[in-house]
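In: predicted model and sequence below, questions to follow.
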There are 2 protein chains.
Amino acid sequence: MYQCSLERMSDKIKTFAKFGDAGHGGITRYSLSKEAHMARDEFVRRMEAIGAKIECDDCACLYATLEGSDPNAKRIVMGSHCDSVKNGGNYDGIEGVMTGMEVLETVAAENIPHKHPLTAMIWTNEEGSLYPPAMMVSGIICYDYLPDSLKPNFEYDNMMASKPMDESPYANFGEALAASKYKGDKENRISPDKYCAMFETHLEQGPILEDAGNEIGAVQLVMGMFNYRVRFHGFTAHAGTFPMAKRHDALHAAADFLCELHKAYDAYNAEIVEKGEPEFVFTTGEIYVHPCIHTCINDEAEFSLDVRHPNPDVRAHCMDILKEMAGKIWQQCTCDIEEQWVRDTVYFDKRLVGFVEESMDEMKAELGTKWQKILSGAGHDAQFCAYMIPTTMIFSRTKDGLSHCEPEHVSDEDCTAAATATLNAVLKCDASDEF
Amino acid sequence: MYQCSLERMSDKIKTFAKFGDAGHGGITRYSLSKEAHMARDEFVRRMEAIGAKIECDDCACLYATLEGSDPNAKRIVMGSHCDSVKNGGNYDGIEGVMTGMEVLETVAAENIPHKHPLTAMIWTNEEGSLYPPAMMVSGIICYDYLPDSLKPNFEYDNMMASKPMDESPYANFGEALAASKYKGDKENRISPDKYCAMFETHLEQGPILEDAGNEIGAVQLVMGMFNYRVRFHGFTAHAGTFPMAKRHDALHAAADFLCELHKAYDAYNAEIVEKGEPEFVFTTGEIYVHPCIHTCINDEAEFSLDVRHPNPDVRAHCMDILKEMAGKIWQQCTCDIEEQWVRDTVYFDKRLVGFVEESMDEMKAELGTKWQKILSGAGHDAQFCAYMIPTTMIFSRTKDGLSHCEPEHVSDEDCTAAATATLNAVLKCDASDEF
């Protein structure tokens, strides 16, 4: 069993945290920004130092490759993103990039034999913070392999013309790309012709590993989900002149529905957990009312509903509960629901997941590393890549489960453990006859 | 008993509905806009036609006066506003202006003897649609008589510099005023030196008269109120990665609180109504959450709470309920509340209310008009004026209780009935030794 270097990983963590340092512990490093280019320059500098070959594709994804002993073998790639949300942390995305670098540096430093070319990769614009949507470029690159329901969200011309957030210095994503020195050739894109496996290492972004006392996790799948708008229709009237019993208050309806939905979903969750299923998670993140004036009763209210679980039967039952509730009258208001999107569960490649679990078992035996199987509730580039080539993910323990915020933290030791697990899983993949 | 003219009132209603006609039944007639100036021009044209003297004050309030027989008597004024909210109706404000005009036209046409000068008046910027706050100019003019707690909201220099809404062609209210041909002299302001009584006729803006089958109402008071912000503090986390039991979801907390507040307030309302009190009304018109992203749990949520009732003991008990609830933990979130403003009940002048009720009784006897005592839940210029000179209000029946919207409607007959009630109450005031 090979081990990655804590010292080298610590140095990378410290260095990359400077690119976009927001001055209070975290970073703002939008895709294709000056700060993101500084991180890419550092990636290139370090990868060239170990003799890796640098390539860019037409979406500015950046690849550093160490050739392998078998000239016919396809590449094994370790990739994630280097862009962040606004006032994000020092780990989301970049941890997976540093892992790819660390694996290659370890292979180079210890002269580890390998048949397949090994590639460290930066995926462009995963967060979509300046240029929505999230996972834009993995959507573009994996487009031909995506389910039909997802394709409309990642059509190339639309993505290039994507309306940016106000902070963008460019009119759209296409212009930002054209201005980047990292825009290269389409033929360099990751593809099934040249690549046989993708590993993405990432912080968990939740508290499950920490609560269980485990350092790392072997990710099995990305949970399927549905995202709906739930809307209520009443009528508006003056706060001072309209008797209570005659009101059709859309916000009261929405609040009542939201509380009852919690009760119904909590009860169903208890029922499935009793049967050994993991719990589903559900979130009402957005709410809007109209006219939203303190002296008026609201005639319209709507909130978003995001439900995630790996088992399609559980999601279907959650949908049944939602539909039944939406058919009722709430505080004298009508209700309707509208699908925003639905995604099936993405199961990672069983063989790659097996390599990860074997590596983690070896680490447990040799180093005392504690690990577990885990599910991903969040979306990642790996989820789209999995439609195209065999893919899997490794998670590392996240302090307090916090992510997408400046206190986001993974210890240097846990980052290194995740890199070691990745290295050994990659080497098992390299040694396998199936890849 | 004198009667106003249905024909003349119908003509005014039809004519004034053109000034700011939004093309689908209602009007947009912002204060000091071109459309509002057209309405003022029409007011002047009609009032000059009956020989009334026209004056303007420094806030562009417009006065048309028929002299009385007693040179020492103070003026009796009938006033309301001619500005509207965006896409408002054809009655809010302008009904009271048309009533003043109709009363003067009736007095002139029928040569009705009167001691006091009788004045029809347009108050400027009641809605505050372009230049907040609402009731700005009555706040300025009655400033010296306002309770100390209200004064900071109506300080002259602040009002002149009031930041307008985006649609304003002027940088602030002061500039809009300076550009108006109706800006006159400060000495023309309504004041206790020259005015002895103010009547404001207005549509009810609620369904109480209609539901009771009454055409007009004798307003007793404007309900006292309190307006608070209710805030919840949790923490944010990712919708896909954070277990349900560990969440501190501020929107769930707000929804839970809102539903429980409805239950507690509904119970208390039932209790006071049982004891013969009118019900209090409460409204949660605004809600905001942070970060308001569909993939995030909200860490902050807040809503507005507006509570209105004439009895200070009832309002105090409502406040106690609110404070007790705010002291608890809601869905693992803390709660705090902040006062925005508190206004005491404004009781209208008992003598003027008496004149209105006597007039309505006479109308009942002679014309079969149905009337009732009623309370005002909404604010009006009369409410501020009441601090300065004896004041009262007359309400007319409002179709479906709708107001501040294009379907707002009062029948020509009900407008005329309200004007007749105003005319006769004004004449009783004129004849009284006390004024």
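Out: Sure thing, it's come through.
In: burial of the closest residue to chain B within the stretch 51-200 of chain A, as a residue count?
Out: Taking CB to the nearest CB as the measure, the point where the stretch 51-200 of chain A comes nearest chain B is residue A:134, at 8.5 Å. Backbone N, C-alpha and C define where each C-beta goes, glycine included. Neighbour count for residue A:134, taken as other CB atoms under 10 Å in any protein chain shown: 19.
In: next one: residue A:302
Out: 20.
In: just the element for it, please.
Out: For residue A:302, the enclosing helix or strand under DSSP states H and E is strand A:300-309.
In: partner strands of that strand and their direction?
Out: Strand A:300-309 has its sheet partners listed here by DSSP bridges as strand A:224-233 (antiparallel), strand A:281-283 (antiparallel), strand A:287-290 (antiparallel).
In: give me the angle between the helix ranked longest in chain A and strand A:224-233.
Out: Longest helix in chain A by number of residues, with DSSP state H as the criterion: helix A:250-274. Angle, helix A:250-274 to strand A:224-233, by axes from the mean of the first three to the mean of the last three CA atoms, to 10 degrees: 150 degrees.
In: helix A:250-274: how far from the chain's middle?
Out: 27 Å (CA atoms, centre = their mean, to the nearest Å).
In: give the buried residues for it.
Out: Applying a neighbour-count criterion of 16 or more other CB atoms under 10 Å in any protein chain shown, one finds A:250-262, A:265, A:268-269, A:272 buried in helix A:250-274.
In: so which of those also contact chain B?
Out: For chain B, the contacts drawn from those by CB under 8 Å from any CB of the partner chain are A:251, A:252, A:254, A:255, A:256, A:258, A:259, A:262, A:269.
In: between the residues you listed, which is closest to residue B:282?
Out: Distance to residue B:282, by CB to CB, is smallest for residue A:252 among these, at 10.4 Å.
In: what number of residues lie near the nearest residue to the closest one once chain neighbours are set aside?
Out: Distances taken as CB to CB, 6 or more residues apart in numbering or on different chains place residue A:331 nearest to residue A:252, at 4.5 Å, with adjacent residues excluded. Using other CB under 10 Å, residue A:331 has 19 other residues around it.
In: now do the one 3 residues further on
Out: By the other CB under 10 Å criterion, the neighbourhood of residue A:334 contains 16 residues.
In: ok so, going back, mind putting the ones next to chain B among the buried residues of helix A:250-274 into a markdown table with pLDDT?
Out: Converted to a markdown table, these look like this (pLDDT from 0 to 100):
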| residue | pLDDT |
| --- | --- |
| A:251 | 98 |
| A:252 | 98 |
| A:254 | 98 |
| A:255 | 98 |
| A:256 | 98 |
| A:258 | 98 |
| A:259 | 98 |
| A:262 | 98 |
| A:269 | 98 |
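In: with distance to residue A:110 as new columns, can the residues you listed be given to me in TSV?
Out: Output for those, formatted as TSV (distance: CB to CB, whole Å):
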residue	distance to residue A:110
A:251	62
A:252	66
A:254	59
A:255	60
A:256	63
A:258	55
A:259	58
A:262	53
A:269	47
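In: who in the stretch 251-400 of chain A is up against chain B?
Out: A:251-252, A:254-256, A:258-259, A:262, A:266, A:269, A:279, A:281-287, A:289, A:291-298, A:303-304, A:306, A:308, A:340, A:376-379.
In: so what's the residue count around residue A:119?
Out: Residue A:119 sits with 25 neighbouring residues when counted by other CB under 10 Å.
In: cool, and residue A:165?
Out: Here the number of neighbours of residue A:165 (other CB under 10 Å) works out to 12.
In: let me see the contact set for it.
Out: A:129, A:130, A:131, A:132 (CB atoms under 8 Å, 6 or more residues apart in numbering or on different chains).
In: from those, which land in helices?
Out: The members of those all map outside helices under DSSP H.
In: quick check: residue A:336 touching residue A:326?
Out: Yes - the criterion here is CB atoms under 8 Å, and residue A:336 meets it with residue A:326 at 6.4 Å.
In: so those two - more neighbours on which side?
Out: Taking neighbours as other CB under 10 Å, residue A:336 and residue A:326 compare with residue A:326 leading, 18 against 12.
In: next one: phi and psi at the more buried one?
Out: phi -70, psi -20 (degrees, to the nearest 10).
In: switch the contacts of residue A:165 over to CSV; also include distance to chain B, pLDDT and neighbour count.
Out: Below are these laid out as CSV (distance: CB to the nearest CB, whole Å; pLDDT from 0 to 100; neighbours: other CB atoms under 10 Å in any protein chain shown):
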residue, distance to chain B, pLDDT, neighbour count
A:129, 11, 93, 22
A:130, 15, 94, 23
A:131, 16, 95, 29
A:132, 12, 93, 15
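In: which one of the residues you listed is nearest residue A:227?
Out: Within the contacts of residue A:165, proximity to residue A:227 (CB to CB) peaks at residue A:132, which comes in at 14.5 Å.
In: excluding covalently adjacent residues, which one is nearest to the residue of the stretch 51-200 of chain A closest to chain B?
Out: Leaving aside its sequence neighbours, residue A:134 sits nearest to residue A:128 (CB to CB, 6+ apart; 4.0 Å).
In: again, but for residue A:292
Out: Of all residues not flanking residue A:292 in the chain, residue B:286 sits nearest, at 5.2 Å (CB to CB, 6+ apart).
In: ok, residue A:332 next?
Out: Nearest non-adjacent residue to residue A:332 (CB to CB, 6+ apart): residue A:248, at 4.2 Å.
In: residue A:370 now?
Out: residue A:214 (4.4 Å).
In: next: residue A:29.
Out: That would be residue A:20: by CB to CB, 6+ apart, it lies 3.3 Å from residue A:29.
In: ok, now residue A:70?
Out: residue A:115 (4.0 Å).
In: ok, residue A:223 next?
Out: Using CB to CB, 6+ apart and skipping residues adjacent in sequence, the residue nearest residue A:223 is residue A:308, 4.3 Å away.
In: isn't that neighbour up against residue B:239?
Out: Yes - assessed by CB under 8 Å, residue A:308 is found in contact with residue B:239 at 7.3 Å.
In: and residue A:334, that's in a helix?
Out: No - in this structure, residue A:334 is strand, not part of a helix, as judged by DSSP: H, G, I helix; E, B strand; the rest coil.
In: show me what it is bridged to.
Out: Judged by DSSP bridges, the bridge partners of residue A:334 are residue A:233.
In: strand partners (parallel or antiparallel) of the helix or strand hosting residue A:76?
Out: Residue A:76 is part of strand A:75-81, with elements assigned from DSSP H and E. When sheet partners are counted by DSSP bridges, strand A:75-81 sits next to strand A:118-123 (parallel), strand A:195-203 (parallel).
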